[in-house]
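[1] Pasted the sequence and its predicted model underneath.
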Amino acid sequence: VMDILMVLDQVVAYACYELSHLNPDMIYAIDIQKIDGLINKVQGYGISSFDPIVDVLQRTKDLSIVINKLIENDEKEKMISYSEEGLSIWDAYFEWADEMAMLK
């Protein structure tokens, strides 16, 4: 869970904060292979109640690919245009976490 939160935090921070709040020199590409590894790990558990988190991770990967392109093309200022998607991913994660917390 901590690895998932760290990836989500980076993606949402990049998508939701204006560059004036982030040091542009501290913005680096998101590790897509790490996200793939998390997807494979969660899928490997074979637990259907984990399907929503796989979806969250896949959406995170998709957004990360877009953000990495912006970083690569030195168009970091355009990352803010993906804030709605970033917040939507974050909300989906917390919805899943709340459901897991209510399981007995």
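    Good, I have the coordinates.
[2] Now do the buried residues in stretch 91-104.
    For stretch 91-104, burial by neighbour count (16 or more other Cβ atoms under 10 Å) applies to Ala92, Tyr93, Trp96, Ala97. Every residue, glycine included, has its C-beta placed from N, CA and C.
[3] which strands and helices sit next to the longest helix belonging to the chain?
    Counting by DSSP state H, the longest helix found in the chain is helix 51-72. Applying 3 or more Cβ pairs under 8 Å, 6 or more residues apart in numbering; DSSP states H and E, one finds that helix 51-72 makes contact with helix 2-16, helix 32-44, helix 83-102.
[4] Need the residues that contact it.
    For helix 51-72, contacts defined as Cβ atoms under 8 Å, 6 or more residues apart in numbering pick out 4, 7-8, 11, 14-15, 27-30, 32, 35-36, 38-39, 42-43, 76, 78-79, 82, 85-86, 88-89, 92-93, 95-96, 99.
[5] just the buried members of those residues?
    4, 7-8, 11, 14-15, 27, 30, 35, 38-39, 42, 79, 82, 85-86, 89, 92-93, 96.
[6] ok, and the helix or strand in the protein with the lowest average confidence?
    When the helices and strands of the chain are compared on mean pLDDT, DSSP states H and E, helix 2-16 comes out lowest with a mean of 92.
[7] Centre of the chain to it, how far?
    Computed by Cα atoms, centre = their mean, to the nearest Å, the chain-centroid distance of helix 2-16 equals 5 Å.
[8] Also stretch 39-53?
    Counting by Cα atoms, centre = their mean, stretch 39-53 comes out at 16 Å from the chain centroid.
[9] just stretch 27-40 next, same as before
    Worked out by Cα atoms, centre = their mean, stretch 27-40 lies 9 Å from the chain centre.
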